[in-house]
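Chemist: Have a look at this prediction, sequence included:
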Amino acid sequence: MPPRRRAKPRSPVHAALGQALEELRHEAGLTQEGLAERVGTEFNRIGELERGTTDARFSTLLRVAGGLEVGLDEIGRRFERNLREESG
């Protein structure tokens, strides 16, 4: 079986949001499976969000923030920082 290819993010915005979610998940000590269980979704959906390969609905971000036990403002701060770093 050939190795899996890592899908490219849809855009720098998607990548910055995904990186923010992944950072927060790691800080919370959660796996994708653990966060998915808290959020009530499949773990592959968490992976798609973190890789930036899918759009995140507002309701999904609210549930993910709840699962991470952070506010949307914290996700927003991380997103903005990551976006600035990416654009140089």
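Modeler: All right, it came through fine. Numbering: from 1, shown residues only.
Chemist: for G76, what are its contacts?
Modeler: Neighbour list for G76: empty [criterion: CB atoms under 8 Å, 6 or more residues apart in numbering]. To be clear about C-beta, it is placed using only N, CA and C from the backbone, and glycine gets the same treatment.
Chemist: Could you tell me the model confidence score at it?
Modeler: In this model, G76 is scored at 97, pLDDT.
Chemist: Would you pull up how far the strand or helix carrying it lies from the middle of the chain?
Modeler: If you go by DSSP states H and E, G76 is part of helix 72-87. Chain-centre distance of helix 72-87: 12 Å, with CA atoms, centre = their mean, to the nearest Å.
Chemist: Let's see that helix as CSV, backbone CA atoms only.
Modeler: Provided in CSV are the C-alpha atoms of helix 72-87 (Å, rounded to 0.1, in the frame of the first residue of the first chain):
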residue,chain,number,x,y,z
LEU,A,72,-13.6,31.3,20.9
ASP,A,73,-11.5,34.3,21.7
GLU,A,74,-8.5,32.0,22.5
ILE,A,75,-9.0,30.1,19.2
GLY,A,76,-9.2,33.5,17.5
ARG,A,77,-5.9,34.7,19.1
ARG,A,78,-4.1,31.6,18.0
PHE,A,79,-5.5,31.8,14.6
GLU,A,80,-4.4,35.5,14.1
ARG,A,81,-0.9,34.7,15.4
ASN,A,82,-0.6,31.7,13.1
LEU,A,83,-1.9,33.7,10.1
ARG,A,84,0.6,36.5,10.8
GLU,A,85,3.5,34.0,11.1
GLU,A,86,2.5,32.3,7.9
SER,A,87,2.4,35.5,5.9
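Chemist: Quick check: buried residues in that helix?
Modeler: I75, R78, F79, N82, L83 (16 or more other CB atoms under 10 Å).
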